[in-house]
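Enquirer: Okay, here's the prediction I keep looking at, along with the sequence it came from:
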Amino acid sequence: MDGTAQNRTDAPSPIAAAEAVSVLGWFSRILPLSFFESLKQDLEIVENACVFTLRVTTWMMLMQRLSSGGTLDAAVSELLTGNGQEILEPCRKVSEGNISANTGAYNRARQRMPEEAARRVASRSFEQLHAIRSGSGLRERLFLLDGSSIRLAHSPALLETYAPAENQHGQSHWPVMRVSVMHHVTTALAMAPEFGPMYGKGAVSEQELAESLIEQLPPASVLIADRNFGVFSVIWHAHSRRHKVLMRLTAPRAEKLNGGELKAEEQQVVWEPSRADRRSHPSLPADAQIHGRLIAARLEGMKEDLYLFTTLSEAVPEVTALYGERWNIETDLRSIKEQVRLHTISARSPKMVACELLLAIASYNLIRAVMAEAARQIGVEPRSLSFSRSRNAFWAFTRAVAHTESTEEFDRNWRLLIRIVGQGKLYQRVRPPAPRAVWHKSPAFPDRKAQK
């Protein structure tokens, strides 16, 4: 589907065809050969002539996340049948067409990948695609912040870094990773996530991880988050870097900030750190304070007041409508966990867990970029299209163009992809608000207790 056309002197490159129809670049434009050469130089990676170079391994891990099976066997089989062969480096096995169907070499290449290389791939995928799709206006500057958790495999190496949960009944079996994510409102593109242990001595908070994400925000962004991030340290971190904020606060925090119950719709306030804030964040300046507005509103269908702190100057109805965008990150996380299969990570070492997570986010961004292009062509919002249908169509597209020899054939497949993605519009269902509920499943097997 992509890569340079070093071995094709008699046929136009599919990448040239892609650029002719305004493709967002995909692999070879977003992550060109020069990027990997620079990456290897920076990280001092030495590669001999081989099949599974850093570039090929990255491509296969991205496609592995997007395939239905996601196994090593499936990834190698796809390579042997032509999916991604254009980015192979010339070596003896490639020249002879004698690439082994065994997964050992590919697995060793995955194990060799440095975590920093995977992080740079994820960061660059976001930066390149966001630069292509970014526009003007307030809504284009909105970013959503949230946190989640991922269950990991039970292995000695992971248990040392990611402790399992523990309560009065003892310790659970599975290690758990805490993750903080940042997504663009309009395109749903995801920044490279920050992560760490959720339990144990080295546990990190979502607020602590959020500060690292704020460092990566484009200039003059607007940060939206729920009550978990509506604390002084996070807001100050964004404010000191000249970003605007729109945060929901807990009722006690809003009342304390206002000096009592908020009786008007909005109130101008000056937020200063408490003694507890300064104790937990000693680096805060002595004169740290944030001027903003405290807004109280009750949206339709809600049974409690919504308390918002913002440094935006827009009218109250517009501010509350902007906060309504926050729910989008919940559906983004659902797509990442279900469609990109990040509800659990089966890798058995901390480094491979990090690489799998970061490259999974890069593959998620590829699908979101396709959706943004399809939405632009038919004049709808990218979020109105189905992620699962787009993923399936993109996977079929990569296989269809694996042996494409002409720009006309690539063009035809590309137009078909955009048409299929554009037709996958989500139903606009209106559901009455209801409290969250847990549907308990009867266990099929007795509980297994950890050995002490």
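Expert: Great, that's in hand. What you see is a predicted model; the values in this text were computed from it and never measured.
Enquirer: So what's the residue count around residue 366?
Expert: Neighbours of residue 366 under the rule other Cβ atoms under 10 Å: 24. (Each C-beta comes from the backbone N, C-alpha and C, glycine too.)
Enquirer: hmm, I was thinking of residue 444
Expert: The tally of other residues near residue 444 (other Cβ under 10 Å) stands at 5.
Enquirer: Kindly report the same for residue 378.
Expert: 14.
Enquirer: looking at it, it is touching residue 420, isn't it?
Expert: No: counting by Cβ atoms under 8 Å, residue 378 does not reach residue 420; the two are 11.8 Å apart.
Enquirer: Name the residues linked to the residue nearest to the spatial centre of the chain by a beta bridge.
Expert: Note on the chain: the residue nearest the mean C-alpha position is residue 190, at 3.6 Å, using Cα atoms, centre = their mean. Beta-bridge pairing for residue 190 (DSSP bridges): residue 183.
Enquirer: From residue 340, how far out is it?
Expert: 10 Å (Cβ to Cβ, to the nearest Å).
Enquirer: shared neighbours of these two, anything?
Expert: Taking Cβ atoms under 8 Å, 6 or more residues apart in numbering as the contact rule, residue 190 and residue 340 both touch residue 364.
Enquirer: what about the nearest residue in space to residue 178 that is not next to it in sequence, neighbour count?
Expert: Among residues not flanking residue 178 along the chain, residue 198 sits closest, at 3.9 Å (Cβ to Cβ, 6 or more residues apart in numbering). For residue 198, the number of neighbouring residues by other Cβ under 10 Å comes to 22.
Enquirer: Tell me if I'm right that residue 198 and residue 162 touch.
Expert: Yes: with contact defined as Cβ under 8 Å, residue 198 reaches residue 162; the gap is 7.2 Å.
Enquirer: how many neighbours does residue 328 have?
Expert: Neighbours of residue 328 (other Cβ under 10 Å): 19.
Enquirer: For the remainder of this discussion, apply numbering that starts at 501.
Expert: All right, first residue 501 from here; so that's residue 828.
Enquirer: What pLDDT does the model give it?
Expert: What the model reports for residue 828 is a pLDDT of 94.
Enquirer: Give me the distance between it and residue 574.
Expert: As judged by Cβ to Cβ, residue 828 and residue 574 stand 31 Å apart.
Enquirer: overlap in contacts of residue 698 and residue 662?
Expert: Joint contacts of residue 698 and residue 662 (Cβ under 8 Å, 6+ apart) are 676-677.
Enquirer: Off-centre distance for the lengthiest helix in the chain?
Expert: Longest helix in the chain, counting residues (DSSP state H): helix 850-878. Centroid separation for helix 850-878 versus its chain: 7 Å, with Cα atoms, centre = their mean, to the nearest Å.
Enquirer: what's the following helix or strand after it?
Expert: Using DSSP states H and E, the helix or strand that follows helix 850-878 towards the C-terminus is helix 887-900.
Enquirer: how close does the residue nearest to the centre of the chain get to residue 895?
Expert: Applying Cβ to Cβ, the value for residue 690 to residue 895 is 19 Å.
Enquirer: Could you do residue 719 as well?
Expert: Using Cβ to Cβ, residue 719 is found at 35 Å from residue 895.
Enquirer: Looking at the two, which one has more neighbours?
Expert: Counted by other Cβ under 10 Å, residue 719 and residue 895 do not tie: residue 895 has more neighbours, with 17 against 8.
Enquirer: In contact with the nearest residue to that one once chain neighbours are set aside, which residues are there?
Expert: Excluding the flanking residues, the one nearest residue 895 by Cβ to Cβ, 6+ apart is residue 566, at 5.4 Å. By Cβ under 8 Å, 6+ apart, residue 566 lies in contact with 840, 863, 866-867, 891, 894-895.
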